[in-house]
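> compute the structure for the input listed below.
(chains A, B, C and D)
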Number of protein chains: 2
Amino acid sequence: MPEPLGEFQRRMLEFIVNYIRREGMPPTNREIGKAMKIASTGHVDYHLSMLEKRGYIIREAKKSRGIKLTRHPWGIPVEGTIAAGEPIEIFSEPDQTIEVGHGVDPENSFALIVRGQSMIEDHICDGDYVVIKRQRTCENGDIVVAVHLVEGTPGKATLKRFFLEKEQVRLQPANAELEPIYIPRDEWDREWEIQGKVIAIVRHYGGSGRAA
Amino acid sequence: MPEPLGEFQRRMLEFIVNYIRREGMPPTNREIGKAMKIASTGHVDYHLSMLEKRGYIIREAKKSRGIKLTRHPWGIPVEGTIAAGEPIEIFSEPDQTIEVGHGVDPENSFALIVRGQSMIEDHICDGDYVVIKRQRTCENGDIVVAVHLVEGTPGKATLKRFFLEKEQVRLQPANAELEPIYIPRDEWDREWEIQGKVIAIVRHYGGSGRAA
DNA sequence: CATTGACTCGAATAGCCGTTCTACTCTTGA
DNA sequence: TCAAGAGTAGAACGGCTATTCGAGTCAATG
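Numbers count the residues shown, from 1 in each chain, chains lettered A, B, ... in the order given. Take a look at the predicted model:
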């Protein structure tokens, strides 16, 4: 839906989102101007009208702080689905978000929808949302999103428990029907990458219409 | 922490919370006055200073819409814990909240912390938060909070799947080690009450410090 | 070169906003 | 009865706010 933005307007929108997240209210035009080093309030108004025209915000005329975001500032994007052994399917337009509250840093988190039963014994089910915190490292026992790089680009991705063992890394599913993956240390270092670890899961029951 | 409020100020705070929820920004003093049928802006200021003194809001001097809530408007209260067959333990001070986003009506929802393994086969674990929508009725197969009334007051409470059968109600745990509870229809009508049904669960992994 | 579109400034304006002050009415309790 | 406290109204003030206007810069396009 929204047209892409230029660098400046993208930073301006980012400031507005962060301000709302921090202060609990939208900024005034003057506060935006100050933060963006814009001298004229008319100038701020101009860029805001651009943001509005392109569908990123809605303004309420004449109201102080009359800016509304068209997306919820506390939502984190649902970037795709993950199924054991398949590449992550990235939604081309990650429009959907789920809201998880202040405790999760939205800058460094995202969500995936779980497909399949590979983590069922850890009680992560088909259809659950897993909230992932982006990080390159993890500790033994963490549930992580690990991807196998094929010639430098992401190939297969998988949701598994991580265990660093003497000579190898073990990626352990939570399903007795599935075998763990064993990866020699050097191959791990060369060909694998951790995208993040699971910090929460959210499950919705029934058609409660909880799309964000 | 917060002192109790009089009826008027309680309604005023409620208006502010709902306004923020609806508009994404706090109301101005004049908007509050209009909604509360207060003629004078000084009068509104007076009540706001009361709310601030009692710890319900924080005001930023001179800033338009400079009202912040000390509790998150999207949080729903974590009212206690529920374990199969035990009464719900109600927290005397339900200070904790979890944030679940716009889709859940905070007026008619609350959360409980699950204790024990009675719903483990439905992949609801010890420590999970279950989000409950308050309702007196439910459909077959719903996971509900059902309480056994002892002389009109809540006694045992339980988290189970509800099935209405010919002559009886069956409350079905999701754990092979536990037996379902069968309740004759007339006893059900007389002595039992549904407090709500599970619409979501939230699970936090590790010490990610996600208290609200 | 002329034109267009995107972007920038400074100034002005009309109205909105939080705050303060004075004055008044109740109710409660000493 | 008197005093104190909570609640109400009205008016006024200084600053804040969104918006508009006129004028200008700069880069790309024809």
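> pLDDT (mean, whole number) over the one helix or strand A:H43 maps to?
Element membership for A:H43 (DSSP states H and E) is helix A:41-53. Mean pLDDT, computed over helix A:41-53, is 96.
> now the strands for chain A?
Along chain A, the stretches classed as strands by DSSP state E are A:57-59, A:67-69, A:75-83, A:89-90, A:97-99, A:109-115, A:129-134, A:143-150, A:153-164, A:168-172, A:181-184, A:192-204.
> list the contacts of the longest helix seen in chain A.
In chain A, assigned by DSSP state H, the helix with the most residues is helix A:7-23. Helix A:7-23 has contacts (C-beta atoms under 8 Å, 6 or more residues apart in numbering or on different chains) with A:5, A:26-27, A:31-32, A:35-36, A:47, A:50-51, A:56-57, A:67, A:69, A:73-74, A:106, B:24, B:68. All C-beta atoms are positioned from the backbone trio N, CA, C, and that covers glycine.
> dead centre of chain A: give me the residue that sits there.
By C-alpha atoms, centre = their mean, chain A has its centre lying nearest to A:F110, at 1.9 Å.
> before we move on, back to that, show me what the helix holding A:H43 is packed against.
helix A:7-23, helix A:29-35, strand A:57-59 (3 or more C-beta pairs under 8 Å, 6 or more residues apart in numbering or on different chains; DSSP states H and E).
> look up how far DNA strand D lies from the residue of chain A found nearest DNA strand C.
Residue of chain A nearest DNA strand C, by C-beta to the nearest atom of the strand: A:G42 (2.8 Å). Distance, A:G42 to DNA strand D, using C-beta to the nearest atom of the strand, to the nearest Å: 3 Å.
> now do that residue against A:R54, distance only.
Distance of A:G42 to A:R54, given as C-beta to C-beta, to the nearest Å: 19 Å.
> so for the two, which sits in the more crowded spot?
Set A:G42 next to A:R54 and count neighbours by other C-beta atoms under 10 Å in any protein chain shown: A:R54 wins out with 15 against 10.
> low pLDDT regions in chain A?
Applying pLDDT under 70 to chain A flags the ranges A:1-3, A:85-87, A:92-95, A:102, A:152-154, A:207-212.
> so which bits of it are right by DNA strand C?
A:6, A:8-9, A:38-43, A:46-47, A:50, A:62-64 (C-beta under 7 Å from any atom of the strand).
> which of those has the largest number of neighbours?
Busiest of those [other C-beta under 10 Å] is A:H47, holding 20 neighbours.
> ok, now which ones touch that residue?
A:8-9, A:12, A:38.
> now the end-to-end length of stretch A:111-131.
Length of stretch A:111-131, first residue to last, C-alpha to C-alpha, to the nearest Å: 4 Å.
> that stretch near chain B anywhere?
Yes: applying C-beta under 8 Å from any C-beta of the partner chain, one finds stretch A:111-131 in contact with chain B at A:120, A:123-125.
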